[in-house]
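# what's the 3D shape of this:
(2 chains)
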Amino acid sequence: MTRINYQFYVVVVGCGKIGLELATRLSSIGFNVTLIDKNPESFEKLPEDYGGFTVIGDATEREILERAKAGKADLLIVTTEDDATNYFVSVVGAKIFGIPNIISLVNNRENIPLFERTGIKVISPVSLAIESFEHSILEGVEQVAGGIK
Amino acid sequence: MKIVIIGGERVPYFLAKKLIAEGYNVYFVNKDEALCNEYSRTLNAVIVNGDGSSKKTLDEIEIGPDDIIVLLTERDRKNFFIARLVQEYYGVRHVVTLLNNSENEDIFTRFGIRTLKVTDLIMSNIEPLLFENQVVSELESETSNRGATVVRVSIDWGSKYARLPISRLELPEDVLIAGIVRKDQYIIPKGDTVLEPGDDLIVICKIGREMEVLSHFSE
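Presented below is the predicted three-dimensional model:
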């Protein structure tokens, strides 16, 4: 696995399926990672060799982002299952803590434009799935078409 | 122009009633079906039962730039999200929202969203009471084991001390005015502080001399 030497600091909000896996991977690559979740039990699923930090609390509260040293973050990743929470945390991260890069999970596709208009990069699981499907279907079609030629 | 109230329970009812009486077009959006049913019978407003943070629900209302949006949900993040939705999608200029956590005021202001700081409002109303209560209870705990006590004396309109400065009160020996409670304020008195009718004095005196103090002020 590639190791990153540059001291890149990432704050991950939400320790659900995506947040947990992402924080674990980023940490094993060599990023400095802090994972925030309001439910302490969600951290129990973290692997034993997870090298990052954890903060228990609601990331929509300033105090919690301060505890996670959000002001020093190079990247904020927001992964909760509520879009209003993701949007709020993203905007506070960008405007109040001045975090230069924000990527947010968007659960409901209809909310993507709002995030993008505010300058937040979005990851939409549904859009990604559709794109992947489309991509592999088209690839298949090309192969078939190539075979015919 | 219409006024769209999203979220809330009883506040929107009375707000809508006033606005309707003044001739405004009122829309009420709420997730709670029972509440919507009730208001559809009692309010002459357009009632929409749905999630106000969903664009689909908002599209139904056909919001325009001149409409006024009032956000009363219990979560700042939700109010913020809806405020930004209506600003971005319908170009709404006037959004007023309930603000629960006052530390979030900056982020709302940054996006031109007006806030009603309920928590601050309640705090500013009870703070003087809390302070007064705290001062008195601390004084009591500090003095009780040391032979002194705290007495509260009211200065009424007929009192000969009203409008007199503290220095001219001619207090008995071992009596001290530790504070003056005046409306919302707790005043730390100095010699030239003038008493006003309606003031409550927090007085420290030796135990056993409480009656003497009270009668001194009621003369």
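
# count of residues packed around residue 129?
The chain I'm using is chain A. By other C-beta atoms under 10 Å in any protein chain shown, 10 other residues sit near A:Ala129. The C-beta positions use only the backbone N, C-alpha and C, and glycine is treated the same way.

# wait, chain B was what I had in mind.
Per other C-beta under 10 Å, the neighbour tally for B:Leu129 reads 12.

# which one is residue 103 nearest to, not counting chain neighbours?
I went with chain A, as the question did not name one. Nearest residue to A:Ile103, sequence neighbours excluded (C-beta to C-beta, 6 or more residues apart in numbering or on different chains): A:Lys121, at 4.6 Å.

# wrong one, I was asking about chain B
Closest residue to B:Glu103 apart from its sequence neighbours, by C-beta to C-beta, 6+ apart: A:Arg62 at 5.3 Å.

# can you tell me which residues contact that neighbour?
A:92, A:96, B:103 (C-beta atoms under 8 Å, 6 or more residues apart in numbering or on different chains).

# any idea how far the second one is from B:Ile69?
Same thing as A:Ile96. Distance, A:Ile96 to B:Ile69, by C-beta to C-beta, to the nearest Å: 24 Å.

# the two - which one has more neighbours?
Of the pair A:Ile96 and B:Ile69, B:Ile69 is the one with more neighbours under other C-beta under 10 Å, namely 29 against 17.

# that one belongs to a strand?
Yes - B:Ile69 forms part of a strand when assessed by DSSP: H, G, I helix; E, B strand; the rest coil.

# right, and it touches B:Arg84 too?
No - taking C-beta atoms under 8 Å as the definition, B:Ile69 is not a contact partner of B:Arg84, at 11.1 Å.

# so which of the contacts of A:Arg62 is the closest to A:Asp37?
A:Val92 (16.7 Å; C-beta to C-beta).

# where does chain A dip in pLDDT?
Scanning chain A for pLDDT under 70 picks out the ranges A:1-6, A:147-149.

# how about residues contacting the lengthiest helix in it?
For chain A, the helix with the greatest residue count under DSSP state H is helix A:125-148. Applying C-beta under 8 Å, 6+ apart, the external contacts of helix A:125-148 come out as A:18, A:105, A:107, A:109, A:112.

# highest neighbour count among these?
Highest neighbour count within these: A:Leu105, with 24 neighbours (other C-beta under 10 Å).

# now do the same contact list for the closest residue to that residue other than its chain neighbours.
Closest residue in space to A:Leu105, ignoring its immediate chain neighbours: A:Thr79 at 4.5 Å, by C-beta to C-beta, 6+ apart. Going by C-beta under 8 Å, 6+ apart, A:Thr79 touches A:12-14, A:16, A:18-19, A:22, A:86, A:104-105.

# same thing with B:Tyr186?
B:128, B:131-132, B:135, B:179-180.
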